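Chemist: got a sequence here, can you build the structure:
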Amino acid sequence: MADYDRFPDPTYARTVLAPLFEGAKRFHAGAFDAIDRAHLVMLAETGILPAKEAGQIARALDRIAAGRDLDAMTYTGEVEDYFFFIEAELKRRLGPDLGGRLHTARSRNDIDHTIFKMALRVRIDALLDQMRDLASALIATAERQRDTLIVAYTHGQPAQPSTFGHYLSAAIEILLRDIQRIEYTREIVDLSSMGAAAITTSGFPIDRDLVAHLLGFSAAQQNSYSCIAAVDYMTATYAALELPMLHLGRLIQDLQFWSAFEVGQIHVPDAFVQISSIMPQKRNPVPIEHLRHLASQAAGRARTQISIVHNTPFTDMNDSEGETQEAGYAAFDVAERVLSLLTALIPALSIDEDRVAATTARACITITELADTLVRDEGLSFRIAHEIAAATARAVVASGSSLSKGYAPFADAFAQIVSRPPALSPEAFAEAVSARNFVNRRDRFGGPAPSALDAAFAGYKAALAALDSRIAARRQVLEAAAAELVTCFDRLKDNA
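Modeler: Numbering: from 1, shown residues only. This next block holds a predicted model:
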């Protein structure tokens, strides 16, 4: 017969408490340790705990950390969770009175949210490193491919000539904006919840700023209710994580399309090609497919985190804690695979210039520049010039020829529409419809011409250098805080 008076119920322990214990020791043991130490230092510094008692607790915490084997630990049901496991160990070593004094002026509520912020902070910093590496690879490849002509597509059809450098620059700008969004969410995460206690702070003279400083946070989050109820640090993080996966997924889809045999604009080297088990002629750029579904997985996992807390109470709650937080870490894990693989793939790609030239000629994608040239050199309105250019393109396509050989149909269309022969010579016509001329003429801000791209590259490099400085500064803050916490904690032990 079931014993309903004894906690925990075996099924509850198996389905909830044991998984939570496993997650806490796997993902958050280090953060628990840091919070215990920082809180203890604060209790001693403020005089809430006498120096000798703080020193005894510090020595006990060291012994607990040194003696535990996280891999071997399993949930036994003797305590409710990992927090109570540590407290039980303190009480066993120091007695129930002294062992229970570490928990003065704090709650599992503020501990949990601070732990989750610390875990997200580590992952955000790693993500920014990976995004920075991808941005660097994109910039280097775009510079190298600055003048490499490509066919730019709209609505799935050949549209105009551009360069691979210009195309990649568009992706660079989005990635840099995505990095900005991630950095902003880090600022939200970088506020300590410690000192909020259960909801309303504490009646003890705690120093919230000291604990925040020792844990490497920029500051303590101000409103104590918000510390334990507002999960925007989580929703903002995963919203910002979803976007680069969505945006890179569009780039990846283009790579898939461009590498198709019928398009063949991009060449994927053998290192990123798998073979068919039955069809010996096949070159399958399978890593691109993996990139596509992995980006979708990361975006989906990130979106799930936001959906989980939809319409939940504005209070401390399990919906946004424990297993929800741990499930979100998988979004970061998959995103890392996307960023790493794409960083390796992008520099390895090359453009099939013959296929680009063939598609350019066959699809008449330089025809817009012919219309522009007629406006400039023949004094026509753009609408009339457009009509002549359209008639020329139709004739060239119908004949199966190329636009570079289309002077005769152009001259016929011009004479028919304008009622005079064109002043444009065959040589000038050939120049007007060449892909290189098309690109070089578009030297306006943001265009694909070399001068415009060089200016863009300078801006991207400056943005990357500024990012490197911010990354280094944040790393220095965390390293300095960790070192200071060790020093302060070790000083406590001298008082035991």
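Chemist: same for the helix or strand where residue 459 lies, what does it pack against?
Modeler: Here residue 459, judged by DSSP states H and E, is contained in helix 450-493. Judged by 3 or more C-beta pairs under 8 Å, 6 or more residues apart in numbering; DSSP states H and E, the packing partners of helix 450-493 are helix 29-45, helix 51-67, helix 108-144, helix 164-189, helix 208-214. Quick note: C-beta positions are derived from backbone N, CA and C, even for glycine.
Chemist: wait, residue 211 sits on residue 196?
Modeler: No. Using C-beta atoms under 8 Å as the test, residue 211 is too far from residue 196 to be in contact (10.9 Å).
Chemist: quick revisit: kindly reformat the helices and strands packed on helix 450-493 as a markdown table containing mean neighbour count.
Modeler: Converted to a markdown table, those look like this (neighbours: other C-beta atoms under 10 Å):
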| stretch | mean neighbour count |
| --- | --- |
| helix 29-45 | 22 |
| helix 51-67 | 18 |
| helix 108-144 | 21 |
| helix 164-189 | 19 |
| helix 208-214 | 22 |
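Chemist: JSON lines for those helices, including distance to residue 329?
Modeler: Converted to JSON lines, these look like this (distance: least, C-beta to C-beta, whole Å):
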{"stretch": "helix 29-45", "distance to residue 329": "13"}
{"stretch": "helix 51-67", "distance to residue 329": "23"}
{"stretch": "helix 108-144", "distance to residue 329": "7"}
{"stretch": "helix 164-189", "distance to residue 329": "14"}
{"stretch": "helix 208-214", "distance to residue 329": "23"}
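Chemist: nearest to residue 450, of the ones you listed?
Modeler: Nearest to residue 450 among these is helix 164-189; the distance by C-beta to C-beta comes to 8.8 Å.
Chemist: gap between the helix or strand just after that closest one and the chain center?
Modeler: Moving toward the C-terminus from helix 164-189, the next helix or strand (DSSP H and E) is strand 191-192. Centroid separation for strand 191-192 versus its chain: 22 Å, with C-alpha atoms, centre = their mean, to the nearest Å.
Chemist: quick one: mean pLDDT for strand 191-192?
Modeler: The pLDDT scores in strand 191-192 average 98.
Chemist: next one: the helix holding residue 459 to chain centre, how far?
Modeler: 17 Å.
Chemist: ditto for stretch 441-458
Modeler: Centre-to-centre, stretch 441-458 and its host chain are 27 Å apart (C-alpha atoms, centre = their mean).
Chemist: which of the residues in that stretch are buried?
Modeler: For stretch 441-458, the neighbour count (16 or more other C-beta atoms under 10 Å) marks 441-442, 447-449, 452-453, 456-457 as buried.
Chemist: residue 151: which element?
Modeler: According to DSSP H and E, residue 151 maps onto strand 149-154.
Chemist: pull out the buried positions in that strand.
Modeler: For strand 149-154, burial by neighbour count (16+ other C-beta under 10 Å) applies to 149-153.
Chemist: could you check the angle helix 164-189 makes with that strand?
Modeler: Counting by axes from the mean of the first three to the mean of the last three C-alpha atoms, to 10 degrees, strand 149-154 lies at 60 degrees to helix 164-189.
Chemist: how close does the closest residue to residue 218 other than its chain neighbours get to residue 239?
Modeler: Of all residues not flanking residue 218 in the chain, residue 190 sits nearest, at 4.6 Å (C-beta to C-beta, 6 or more residues apart in numbering). Relative to residue 239, residue 190 is positioned 17 Å away (C-beta to C-beta, to the nearest Å).
Chemist: the two: which has the busier surroundings?
Modeler: Ranked by neighbour count (other C-beta atoms under 10 Å), residue 190 and residue 239 place residue 190 first, with 21 against 16.
Chemist: show me the contacts for the more buried one.
Modeler: 117, 121, 217-219 (C-beta atoms under 8 Å, 6 or more residues apart in numbering).
Chemist: widest-spaced pair of the residues you listed?
Modeler: Farthest-apart pair in the contacts of residue 190 is 121 and 219; separation 13.5 Å (C-beta to C-beta).
Chemist: residue 140 against residue 347, yeah?
Modeler: Yes. The criterion here is C-beta under 8 Å, and residue 140 meets it with residue 347 at 6.8 Å.
Chemist: which residues touch residue 440?
Modeler: Listed by C-beta under 8 Å, 6+ apart, the contact partners of residue 440 are 449-450.
Chemist: pLDDT score for it?
Modeler: Residue 440 carries a pLDDT value of 97.
Chemist: in the host helix or strand of it, which residues are buried?
Modeler: Assignment of secondary structure by DSSP H and E places residue 440 within helix 435-441. The neighbour-count check on helix 435-441 (16+ other C-beta under 10 Å) flags 435, 437-439, 441 as buried.
Chemist: repeat that for stretch 474-490.
Modeler: Those would be 474, 478, 481, 485, 488-489, for stretch 474-490 by 16+ other C-beta under 10 Å.
Chemist: try stretch 85-94
Modeler: Result for stretch 85-94 [16+ other C-beta under 10 Å]: buried residues 85-87, 89-91, 93-94.
Chemist: now that stretch - C-alpha only, PDB.
Modeler: Presented in PDB, the C-alpha positions along stretch 85-94 are these (Å, rounded to 0.1, in the frame of the first residue of the first chain):
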ATOM      1  CA  PHE A  85      22.100  18.100  -0.700                       C
ATOM      2  CA  ILE A  86      24.700  20.800  -0.200                       C
ATOM      3  CA  GLU A  87      22.900  22.100   2.900                       C
ATOM      4  CA  ALA A  88      22.600  18.600   4.300                       C
ATOM      5  CA  GLU A  89      26.300  18.100   3.800                       C
ATOM      6  CA  LEU A  90      27.100  21.300   5.600                       C
ATOM      7  CA  LYS A  91      24.800  20.300   8.500                       C
ATOM      8  CA  ARG A  92      26.400  16.900   8.700                       C
ATOM      9  CA  ARG A  93      29.900  18.400   8.900                       C
ATOM     10  CA  LEU A  94      29.100  21.500  11.100                       C
END
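Chemist: rewinding a little: just the contacts of residue 190 now: which is nearest residue 326?
Modeler: The nearest one, if we look at those relative to residue 326 and count by C-beta to C-beta, is residue 117, at 14.3 Å.
Chemist: and the closest one, what is it in contact with?
Modeler: Listed by C-beta under 8 Å, 6+ apart, the contact set of residue 117 reads 189-193, 217, 233.
Chemist: if I look at it, how far off is residue 194?
Modeler: 10 Å.
Chemist: isn't residue 345 up against residue 272?
Modeler: Yes. Contact criterion C-beta under 8 Å: residue 345 and residue 272 qualify, at 6.0 Å.
Chemist: compare the two and say which is more crowded by neighbours.
Modeler: Higher neighbour count among residue 345 and residue 272: residue 345, with 20 against 17, using other C-beta under 10 Å.
Chemist: assign the more buried one to helix, strand or coil.
Modeler: Three-state call for residue 345 (DSSP: H, G, I helix; E, B strand; the rest coil): helix.
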